[in-house]
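S.K.: Sequence isn't available, so here's the structure alone:
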C-alpha cells in the first residue's frame with residue numbers, strides 16, 4: 001500500500017435503525033473533522049428554537065466518540081431527554097490510486113471495503129418504548145438546568161463549586177503581601 005494514496009472515502013447508504021421516526025426529524029451526521037461547537041450550535045437551535053421533539057446523532061469509525069460527546073452535552077443542557085442507542089457496523093468504501101503509474105498506462109485504482117463500528121443515538125423529549133434495546137430513561141430529577149439564583153445559590157444537584165464572597169481588593173492585596181513577607185528568608189524581606 002506504500003505506492004498508493006487514498007483519493008476518497010464514502011459511506012455505503014444503510015437504512016435508519018429507527019424505522020418508525022416521523023418525517024422531518026433532524027439527523028446530525030458527525031464526521032471525524034466536525035467541530036463540536038458547530039454541531040451543538042445547530043442541534044440546540046433545532047431543539048430549543050424550532051421546537052423539534054426528536055433528534056438523531058450518528059457517526060462511524062473515529063467519529064463515534066465525538067458523537068457520544070455531542071449527545072451527552074445535549075442531555076446535560078436540555079435535560080429530560082429519553083435516549084435509544086443502536087450500535088452496528090457500517091461499510092466504508094475507500095478508493096486508492098497508484099502514486100507513480102507506469103508511463104502510458106492507465107492509472108491503477110484500488111477499492112477497499114472497510115467495516116467500521118457505527119453508532120446512532122435517538123434523543124427524544126417524548127417518552128420512548130422502555131423495552132427497546134438500548135433505551136436509557138432521563139436521569140431522575142433531570143430537567144432544564146436552572147442557573148444561579150439570588151445571592152449565588154446553585155440549583156439542587158448542581159455540581160458547580162460553592163461561591164464565596166471575595167474580600168475588597170485592598171484587603172486581599174494587603175493580606176497577600178503580609179503572607180509573602182513572612183514566608184521569605186530575612187535577607188529577602190523588605
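M.R.: The structure has been received and is ready for your questions. What you are looking at is a predicted structure, and each value in this text was computed from that prediction instead of being measured.

S.K.: all contacts plus neighbour counts: C-alpha atoms, from now on.
M.R.: OK.

S.K.: Burial check on residue 61, number of neighbours?
M.R.: By the criterion of other CA atoms under 10 Å, residue 61 has 17 neighbours.

S.K.: list the contacts for it?
M.R.: By CA atoms under 8 Å, 6 or more residues apart in numbering, the residues touching residue 61 are 32, 116-118.

S.K.: Show the backbone phi and psi for it.
M.R.: Dihedral angles of residue 61 (phi, psi; degrees, to the nearest 10) stand at phi 60, psi -130.

S.K.: Could I get the full set of helices for this protein?
M.R.: Counting by DSSP state H, the segments of the chain that form helices are 36-44, 64-78, 169-182.

S.K.: Spatially nearest residue to residue 127 (excluding sequence neighbours)?
M.R.: In space, and not counting its chain neighbours, residue 127 is closest to residue 82: 6.2 Å by CA to CA, 6 or more residues apart in numbering.

S.K.: Now do the contacts for the one you found.
M.R.: Residue 82 touches 123-128, 135-138, counting by CA under 8 Å, 6+ apart.

S.K.: Pick out the shakiest of the helices of the chain, pLDDT-wise.
M.R.: Sorting the helices of the chain by mean pLDDT places helix 169-182 lowest, at a mean of 56.

S.K.: Just list whatever residues bridge to the closest residue to residue 137 other than its chain neighbours.
M.R.: Of all residues not flanking residue 137 in the chain, residue 82 sits nearest, at 5.0 Å (CA to CA, 6+ apart). Under DSSP bridges, the beta-bridge partners of residue 82 are residue 124.

S.K.: And residue 82, how close does it get to residue 133?
M.R.: When distance is defined by CA to CA, to the nearest Å, residue 82 is 13 Å away from residue 133.

S.K.: Check residue 34 too.
M.R.: Residue 34 is 28 Å from residue 133, by CA to CA.

S.K.: So these two - more neighbours on which side?
M.R.: Applying other CA under 10 Å to residue 34 and residue 133 shows that residue 34 carries more neighbours, namely 13 against 10.

S.K.: per-residue pLDDT, that one?
M.R.: For residue 34, pLDDT reads 93.

S.K.: For it, give its distance to residue 48.
M.R.: For residue 34, the distance to residue 48 equals 21 Å [CA to CA].

S.K.: same thing with residue 15?
M.R.: From residue 15 to residue 48 the distance is 28 Å (CA to CA).

S.K.: Could you do residue 37 as well?
M.R.: Distance, residue 37 to residue 48, by CA to CA: 16 Å.

S.K.: Now tell me what touches stretch 15-23 from outside.
M.R.: 86, 120.

S.K.: For residue 53, which residues are in contact?
M.R.: 47, 124-126 are the contacts of residue 53 under CA under 8 Å, 6+ apart.

S.K.: how about residue 139, what does it touch?
M.R.: With contact set as CA under 8 Å, 6+ apart, residue 139 has these partners: residue 80.

S.K.: How much space separates residue 133 from residue 77?
M.R.: 25 Å.
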